[in-house]
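1. Pasting a predicted model and its sequence here:
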Amino acid sequence: MTPTAPVPQQASLCILGSTGSIGVSTLDVARHLGIPVHTLTGHRRLDLLAAQAKEFRAKRVVCADPEDYAKLKSLCADCPEITVGAGPQALVEAAGDEHCPVVMTAIVGGAGLDPTYAAVQAGKRVCIANKEPLVMAGALIMAAARASGATLLPVDSEHSAIFQCLENHRDSDIDRLVLTASGGPFRCRQDLNTVSIAEALKHPNWSMGPKITIDSATLMNKALEVIEAHHLFQVPVEQIEVVIHPQSIVHSMVAFADGSLMAQLGQPDMRTPIQYSLTWPRHLRGPVSCPDLLKIANLSFEAPDRTRFPALDLGAAAARQGGLAPAIFNAANEAAVARFLDGSITFLDIPRLVERALATVSSGSNADPDLASILAADAYTRNWVACA
Ligand code: NAD
Ligand code: MG
């Protein structure tokens, strides 16, 4: 990843998924720094979406479901200057709108693929929180960024850390990337057979949306992040190590050939990497303070348990296989998480179903699938998991 053109901090912002955890934190950063907001999008919490649009004097607001158009329009009736849109095509148009040179991708899951791709094709500064599109279609997105001149800035805390450690270094000097993981709520729990939904939704360090919280409990999140890092930094999966770091203060590291290990530290607060993606290359004073190391006192590291958490090896295998396998991996996981949250499968069924989907759904022979094949594999896999 070679970002080139810093965008002025005052450039107008589009937030895809403004009503979620990352979206709300992004608006908090925008509030602190006075960043103008042009477009907001959301799915279910229409009241919040309309309230956000009014507070930030947005020009455009879009809901994902076309059936919600009339409701959103009536919620914005007292602000005729806000253009209201609805549906997948309206999301894509908003992401590509030339009035917003900066786009924050904060939709959860594969639903963010089309709008992310549109923002990248439009050559913008794209702040990438929504990691699943990179997992599904990393090669296509990176090629589109090279072609359009888009600047991709990572928001995921690990990738923001690596990005910062890599600034002013040569790619050929990298020995490996070291992604840290908190280990989730079950780091020390041996029996995962009886995990309840409520237990899995209780992350020890981070407050996040439900899907990524479950992914953090299974370590699927770290498997997705390895693939995300592979694409963003063009580093082979074999050179990406995962280390458990329960305090979530060291957000990730880069090991260099000369024996140096560079790390970025910060509070477990997404507003820090969100802000850096918006203000890069500046580290401006914002809403979050530096961690107090004397209070934290102890930073520890341990190897992940790959037997209790098979997600790591499943993700690495899908990445090595390439082609459609990462998209199948991602879709199977998303569908399995939805089934776990609706109570129809157990916690341990999540990696089991992902493993079975990878073994069963054909990943074809094309090493470089196009967007249509990726979306077809995604839809097929979701359906397969829903019926399995
Ligand atoms: P969330 O569930 O809190 O919010 C998701 C947002 O996407 C909401 O605005 C929702 O309305 C919208 N959305 C949901 N389904 C949609 C659909 N079908 N079409 C269009 N919009 C839809 O999720 P989150 O925790 O904010 O995570 C967002 C993304 O950022 C995920 O990809 C996640 O992996 C990544 N991420 C999150 C965190 C975090 O701390 N929450 C950290 C790193 C990366
Ligand atoms: Mg992360």
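-> It's in. Ligands and ions are numbered 1, 2, ... in the order given.
2. Please name the nearest non-neighbouring residue to the closest residue to ligand 1 within the stretch 251-388 of the chain.
-> Closest residue of the stretch 251-388 of the chain to ligand 1, C-beta to the nearest ligand atom: M270 (4.4 Å). No exception for glycine: its C-beta is placed from N, CA and C like everyone else's. Counting by C-beta to C-beta, 6 or more residues apart in numbering, M270 lies nearest to S25, which is 5.0 Å off, once chain neighbours are set aside.
3. Repeat that for E158.
-> Looking at E158 with C-beta to C-beta, 6+ apart, the closest residue is S252, at 4.1 Å.
4. quick one: secondary structure of that neighbour?
-> The three-state label given to S252 by DSSP: H, G, I helix; E, B strand; the rest coil is strand.
5. show me the contacts for it.
-> S252 makes contact with 157-159, 161-162, 165, 177-180, 263-264 under the criterion C-beta atoms under 8 Å, 6 or more residues apart in numbering.
6. Just the ones of the residues you listed in strands?
-> Applying DSSP state E to the contacts of S252, the entries found in strands are 177-180, 263-264.
7. Can you report phi and psi for D342?
-> phi -90, psi 10 (degrees, to the nearest 10).
8. going forward can the numbers begin at 34, since that is how I track them
-> All right, first residue 34 from here; so that's D375.
9. for stretch 290-310, which positions count as buried?
-> Neighbour-count burial for stretch 290-310, with 16 or more other C-beta atoms under 10 Å as criterion, is recorded at 295-297, 299-310.
10. Sorry, wrong one. I was asking about stretch 91-102.
-> 91-97, 101-102.
11. Can you give the contact residues for stretch 330-345?
-> 213-214, 216, 219, 223, 225, 251-253, 255-256, 259, 275-280, 282-283, 346, 366, 384, 387-388.
12. what comes up buried for it?
-> 337-338, 341-345.
13. ok, so of those residues, who is nearest A127?
-> A344 (32.9 Å; C-beta to C-beta).
14. Can you flag which of the buried residues of stretch 330-345 belong to helices?
-> Judged by DSSP state H, those include 344-345 as members of helices.
15. will you turn the buried residues of stretch 330-345 into CSV that also has pLDDT and distance to V270?
-> Formatted as CSV, the buried residues of stretch 330-345 follow (pLDDT from 0 to 100; distance: C-beta to C-beta, whole Å):
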residue, pLDDT, distance to V270
P337, 98, 15
D338, 97, 19
R341, 97, 21
F342, 97, 17
P343, 98, 16
A344, 98, 14
L345, 97, 11
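16. Tell me how far the one residue in the chain that gets nearest to ligand 2 lies from I329.
-> Relative to ligand 2, the nearest point of the chain is D189 (4.1 Å; C-beta to the ion). D189 sits 22 Å away from I329 when distances are taken as C-beta to C-beta, to the nearest Å.
17. returning to that earlier point: which among the contacts of stretch 330-345 count as buried?
-> Buried among these (16+ other C-beta under 10 Å): 213-214, 216, 219, 225, 251-253, 255-256, 259, 275-280, 282-283, 366, 384, 387-388.
18. what's the host helix or strand of V125 in contact with?
-> V125 belongs to helix 121-129 when assigned by DSSP states H and E. Identification of contacts with helix 121-129 by C-beta under 8 Å, 6+ apart yields 47, 49, 72, 74, 93, 95, 97, 118, 133, 136, 147-149, 151-152, 154-155.
19. just stretch 72-85 next, same as before
-> Contacts for stretch 72-85 (C-beta under 8 Å, 6+ apart): 46-53, 56, 60, 86, 89, 91-98, 101, 104-105, 108-109, 124, 127, 130, 132-133, 140, 148.
20. Using PDB, list the CA coordinates for that stretch.
-> Output of stretch 72-85 as PDB, limited to C-alpha atoms (Å, rounded to 0.1, in the frame of the first residue of the first chain):
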ATOM      1  CA  THR A  72     -23.300  11.800   3.500                       C
ATOM      2  CA  LEU A  73     -24.500   9.200   6.100                       C
ATOM      3  CA  THR A  74     -25.900   5.800   5.500                       C
ATOM      4  CA  GLY A  75     -27.400   3.100   7.700                       C
ATOM      5  CA  HIS A  76     -29.600   0.100   7.800                       C
ATOM      6  CA  ARG A  77     -32.100  -0.400  10.700                       C
ATOM      7  CA  ARG A  78     -31.800   2.500  13.200                       C
ATOM      8  CA  LEU A  79     -33.500   5.100  11.000                       C
ATOM      9  CA  ASP A  80     -34.300   7.400  13.900                       C
ATOM     10  CA  LEU A  81     -30.600   7.600  14.800                       C
ATOM     11  CA  LEU A  82     -29.700   8.000  11.100                       C
ATOM     12  CA  ALA A  83     -32.000  11.000  10.700                       C
ATOM     13  CA  ALA A  84     -30.800  12.600  14.000                       C
ATOM     14  CA  GLN A  85     -27.200  12.200  12.900                       C
END
